[in-house]
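Peer 1: Requesting a structural model of the entry that follows:
(one chain, ligands or ions: 1)
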Amino acid sequence: MSKVRIYALAKDLGVDSGRMLEILSDLGVQFKSSSSTLDEETVEAIKTILAEEKNSATPTTPTATTPSAQGDSAPALQNQGAPTATVEREVAPRDTAPKNEVPHRAPVVTIMGHVDHGKTSLLDYIRKTRVAAKEAGGITQHVGAFEAKTSKGKIVFIDTPGHEAFTSIRARGANVADIAIIVVAADDSIMPQTREAIAHAQAAKVPLIVAINKMDLPTANIDKVKQDLIAQNLVPEEFGGDTIVVGVSARTGEGVEDLLEMISLVAELEDLRADPKAELGGVVVESRVDRQMGVLANVIVQQGTLRVGDFLVVGERYGKIKALTDSLGARIKDAGPSTPVQILGFSEAPTAGDMVASARNEHEAREMVQSRVTVRRDGEQAREKRRMTLDDIFGAGGEVREINLVLRADTQGSVEAIQGILARKTSEQVNLNVMLAGIGAPTEGDVLLASTANATILCFSVVPSPGVQKVATQKGIELKTYRIIYELIDEVDRLIKGTQEPVFEERYLGRAEVRMVIRHPKAGSVAGSYVQDGLLRRNARAKVTRGKQVVYEGTIAGLKRFKDDVREVQAGYECGVNFDWNDVQEGDIIEASEMVEITS
Ligand SMILES: Nc1nc2c(ncn2[C@@H]2O[C@H](COP(=O)(O)OP(=O)(O)OP(=O)(O)O)[C@@H](O)[C@H]2O)c(=O)[nH]1
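Peer 2: From the prediction side, this is the model:
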C-alpha cells in the first residue's frame, strides 16, 4: 500500500476531522496540512484505534455483516451502514471531557488569480448553483461575501475576487480568509498575477487550493499548468507534493463539486472553530454609501455574535446597528461566526480590513474610540522620531533569520539574474525569502504585502510612482531602487549582516615570559613578566603555558608598570600581570589574545 493523504483517509474511513486530528495527535504524528501523507503503519494504527472504538461502543450488537475472517477492520468502517453517524456516536463518550467546547465554524474562502482566468465566473457559478436565493424573495444581497451550501456544510466565499482586497484587509492586521483558491486558466497557465496571488496566500499562511479553470477549452494544457506550479514550489499531490489541484470549468461546472469538496476537507482538517458567545470580533470586507440608506458596511463575523442594537467600534468610529441583512437579502436579528452581513448604522464608511469590536453602551464605545485615537497619535509621534531602519525590522543581534524581500525589476532577465544571485546567498543562518518577484514598478499591493510580511522592497531599474513611495513611507517600508545590480546585492549583504549573529575570531596580541612571581597577601600572585612580542592588554584573553602544557586559560585581570595600572604594555617592557589564578610560576609563557568581530 502506498502512502495515504490525511484528508483522503478521513474521507475513506468516514471519520470527522476533529476525531482524525485527535487520533493523529494521540499518536504523536506531526503533519503540515491535510494533504500530508501518512505512512502505512500510521494508517494501520488509526484503523485499529477506530476498530477498537467501534467494538467497545457496540459490544453486544455487532453492526453490519463484518465477518471475522476480515483481518482488516477498515472495510467494516466503509460499510454502507451510515458510517458517519456510527463514528459520531462512537466519539460521543470521549466528548464528556471535551478538549474544545468551541463549536466549528464555516470556512471563509477567497478566490485569487490572474486577470481573466475566471475568478468572477467561478464565483458566479458557485453562487448560481449553491445559493438558495429564492428563499428571500429572489434578490441576493451584495454583502461582500456569500454562503454556499454543500453536502458537507456551509462555505463562505468572499465575493470580491482579487488579491488587492485580500491584501488590503491583511495589511490592516486582519486575516479574513481561511483558505485561498488560486485560479489558473488551463490555456494560459501561471501569469504574473498568479504568482502575486500565490505570494499573498503564502504570506498569509493560509492553505491554498489550485483550481485549474477553463478545462472545457480544447487549448487547455493541464500538464503545462502543473509543471509551472512545480516551478513555483507548489508540487501537486500526484507528484508527491502537498498542493491540492482541482480541474474545473466555470462554464460547464465540471469539477466544481470536487473543488467544493476539497475546500470542505481542507477546512475540516484546519479544525476551524469560533465561539458565538465570545467577545465580538469581525472584519469589514467592504463598505459603501447608499443614497437612500446611508452607510452600508459588509462585515464577516469571526467570533461572538452581532445583534441589532449593539454598539460597534470600527477604527476610530462607532455606530449602533440599526439593521442587519444577510447574504440572501433577509433582515436578521443576529449573526454568529463566519456569517457575512451588511450593517446599517455607521455614520461614516469604514475601510476594508478594519476590525469590528462591540461596546456595551455608547459611553464605552466613545471611550474605546478615544483610546484608539490616542494610541494612533502616540504611534505617529514615535514613528516620526524614529524612522524605521533595517535593523529595527529584522531585530538587532540577528534574532530573525528570515529576510523577506519583494523584488521588482525591468525585465524577466534581470529578475532571474538577481534571484540567481540571491539563491546563492541563502545559508544555514539566513533564509532570503523572495516573496514576490515581478516585472515593472512596485505597486501599492507590493507595499501592503511588504508591510504585512516585514519585507524590504528592492527595485532594479524601475522606479516607484510617488503614490506608491508615499504609501511605503507611511507604512515605514524600505523601498530601495538601484540601477546597478551589485549595489542591490550589496544592500542584500547589508541585510544579511544585520540579521546574523556576529562572528568573532580570536586574534593574537602578544606574548610575555614570567621572570619572577611576587606573592602578595591581598593581590594574590603577581607575575613579573617581560613582553617578548606584540603586547599585553588588560582584560585580554590569556593562555599560560608551562612547557607544552596549558596551565591556565582566562583573562588578564590586572596589568601594572611599576606601581601604575596600565591598559597595555608593548614588547620590550617589563610588567606585572594578575590573573584570577594564583599558581603562576617563573618560566611560564603568557599568550594574550582578543576576540574580534569579523566584518566581511
Ligand atoms: N471556456 C471557458 N471560459 C471561461 C471559463 N471561466 C471564465 N471564462 C471566460 O473567461 C473570461 C474571463 O472570466 P472572468 O470570470 O471575468 O475572469 P476574472 O478572473 O474574474 O477576471 P477579472 O475580474 O477581470 O480579473 C470571460 O470571458 C469568461 O466567460 C471557463 O471555465 N471556460
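
Peer 1: Longest strand of this structure, counting residues only.
Peer 2: In the chain, taking DSSP state E as the definition, the longest strand is strand 503-520.

Peer 1: Show me the contact partners of it.
Peer 2: For strand 503-520, the surrounding residues in contact (C-beta atoms under 8 Å, 6 or more residues apart in numbering) are 525-537, 540-541, 544, 569, 571, 574-577, 582, 584-598. (C-beta placed from N, C-alpha, C; glycine too.)

Peer 1: next one: stretch 542-560
Peer 2: Applying C-beta under 8 Å, 6+ apart, the set of residues contacting stretch 542-560 from outside is 514, 523, 526, 536-541, 565-569, 575-581, 583-585, 587-593.

Peer 1: could you redo the last one with a cut-off of 6 Å?
Peer 2: Here stretch 542-560 makes contact (C-beta atoms under 6 Å, 6 or more residues apart in numbering) with 538, 540, 566, 575-581, 588-592.

Peer 1: one step back: just the buried subset of the contacts of strand 503-520, written out for PyMOL, thanks.
Peer 2: Selection command for PyMOL covering only the buried members of the contacts of strand 503-520, criterion 16 or more other C-beta atoms under 10 Å:
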select buried, resi 525+526+527+528+529+530+531+534+535+536+537+540+541+544+569+575+576+577+584+588+589+590+591+592+593
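
Peer 1: Filter the contacts of strand 503-520 down to just the ones in strands.
Peer 2: Per DSSP E, strands hold the following members of these: 525-537, 541, 544, 569, 574-577, 589-598.

Peer 1: how far away is the residue nearest to the spatial centre of the chain from the ligand?
Peer 2: A centroid search over the chain (C-alpha atoms, centre = their mean) returns Lys205, at 3.9 Å, as the residue closest to the centre. As judged by C-beta to the nearest ligand atom, to the nearest Å, Lys205 and the ligand stand 24 Å apart.

Peer 1: residues in the stretch 101-250 of the chain within reach of the ligand, list them.
Peer 2: Contacts of the stretch 101-250 of the chain with the ligand, taken as C-beta under 6 Å from any ligand atom, map to 113, 115-121, 161, 213-214, 216-217, 249-250.

Peer 1: Mind doing that once more with 5 Å?
Peer 2: 115-121, 213-214, 216-217, 249-250 (C-beta under 5 Å from any ligand atom).

Peer 1: same question, the chain
Peer 2: So the chain meets the ligand at 115-121, 213-214, 216-217, 249-251 (C-beta under 5 Å from any ligand atom).

Peer 1: can you put these in a markdown table and add distance to Phe311?
Peer 2: Output for the residues of the chain next to the ligand, formatted as a markdown table (distance: C-beta to C-beta, whole Å):
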| residue | distance to Phe311 |
| --- | --- |
| Val115 | 41 |
| Asp116 | 43 |
| His117 | 42 |
| Gly118 | 42 |
| Lys119 | 36 |
| Thr120 | 36 |
| Ser121 | 40 |
| Asn213 | 43 |
| Lys214 | 47 |
| Asp216 | 50 |
| Leu217 | 52 |
| Ser249 | 47 |
| Ala250 | 42 |
| Arg251 | 46 |
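
Peer 1: Most neighbours among these, which one?
Peer 2: Greatest neighbour count in the residues of the chain next to the ligand, by other C-beta atoms under 10 Å, goes to Asn213: 33 neighbours.

Peer 1: hey, what's that residue bridged with?
Peer 2: Legend: beta-bridge partners of Asn213 under DSSP bridges are Ala185.

Peer 1: my guess is it contacts Asp116, does it?
Peer 2: No - the criterion here is C-beta atoms under 6 Å, and Asn213 misses it with Asp116 at 10.2 Å.

Peer 1: circling back: state the distance from the residue nearest to the centre of the chain to Leu13.
Peer 2: Distance of Lys205 to Leu13, computed by C-beta to C-beta, to the nearest Å: 28 Å.

Peer 1: Show the subsequent helix or strand relative to the helix-or-strand element of the chain with minimal mean pLDDT.
Peer 2: Lowest mean confidence among the helices and strands of the chain (mean pLDDT, DSSP states H and E): helix 83-91, at a mean of 29. Moving toward the C-terminus from helix 83-91, the next helix or strand (DSSP states H and E) is strand 108-113.

Peer 1: Packing partners of the strand or helix carrying Leu50?
Peer 2: Element membership for Leu50, per DSSP H and E: helix 40-57. If contacts are counted by 3 or more C-beta pairs under 6 Å, 6 or more residues apart in numbering; DSSP states H and E, helix 40-57 sits against helix 83-91.
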